[in-house]
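Novice: Here's a sequence, model it:
(chains A and B)
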Protein chains: 2
Amino acid sequence: MAQVKVYITLKPSLLDAQGKVVQGALHQLGYEGVEQVRIGKYIEMTVADGPQRDAHIMEMCEKLLANLVIEDYRYEVIE
Amino acid sequence: MAQVKVYITLKPSLLDAQGKVVQGALHQLGYEGVEQVRIGKYIEMTVADGPQRDAHIMEMCEKLLANLVIEDYRYEVIE
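Specialist: Residues are numbered from 1 along each chain as shown, chains lettered A, B, ... in the order given. Take a look at the predicted model:
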């Protein structure tokens, strides 16, 4: 089994409404120096080893975990 | 300005209902080798430099970004 970490982020060209709200809240709390807040998803999972492991991880991201119309993904495998 | 990445995860002792649903969906898609799916948040932001930068990042996480009753956080700073 390999430990896999997947990071899903909104494409940079898209407005992150949730991030804007969080940034506004941080400014209101007095943290004026915070900018460009963007919120994504972080997924941890274990995946069975095998020659197709990386192909399966990419398929899972593309079919279910990320919406490639609006999101990018990257992943890392900890052997 | 420093680039900051924050990872927020559910505490390990808590059941991750959303992760269980995603894991079930992945199994149904034929990815039987996936286990222990846990879903968290990934936040990118830029933070003004200064002697209090790290203290401010921790405060922001503890006051707003993470719910410490049920979540853990960690962060990394890219100078």
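
Novice: Every contact and neighbour count from this point should use C-alpha atoms.
Specialist: Will do.

Novice: Give me the buried positions along the helix ranked longest in chain A.
Specialist: Longest helix in chain A, counting residues (DSSP state H): helix A:17-28. By 16 or more other Cα atoms under 10 Å in any protein chain shown, the buried positions in helix A:17-28 come out as A:19-20, A:22-24, A:26.

Novice: for stretch A:62-77, same thing?
Specialist: A:65-66, A:68, A:71-73, A:75.

Novice: Widest-spaced pair of those residues?
Specialist: Pairwise distances across the buried residues of stretch A:62-77 (Cα to Cα) peak at 14.4 Å, for the pair A:Leu68 and A:Tyr75.

Novice: circling back: tell me which of the buried residues of stretch A:62-77 is nearest to A:Lys5?
Specialist: Taking Cα to Cα as the measure, A:Tyr75 is the one of the buried residues of stretch A:62-77 closest to A:Lys5, at 5.5 Å.

Novice: Please name the bridge partners of the closest one.
Specialist: Note on A:Tyr75: beta-bridge partners A:Val6, judged by DSSP bridges.

Novice: okay, it: pLDDT?
Specialist: pLDDT for A:Tyr75: 98.

Novice: which stretches of chain A form helices?
Specialist: Using DSSP H, the helices of chain A run over A:17-28, A:53-60.

Novice: separation between the residue lying closest to A:Val77 once chain neighbours are set aside and B:Leu14?
Specialist: The spatially closest residue to A:Val77, leaving aside those adjacent along the chain, is A:Val4, at 4.6 Å (Cα to Cα, 6 or more residues apart in numbering or on different chains). Applying Cα to Cα, to the nearest Å, the value for A:Val4 to B:Leu14 is 20 Å.

Novice: Since that was my last question, I'll sign off now.
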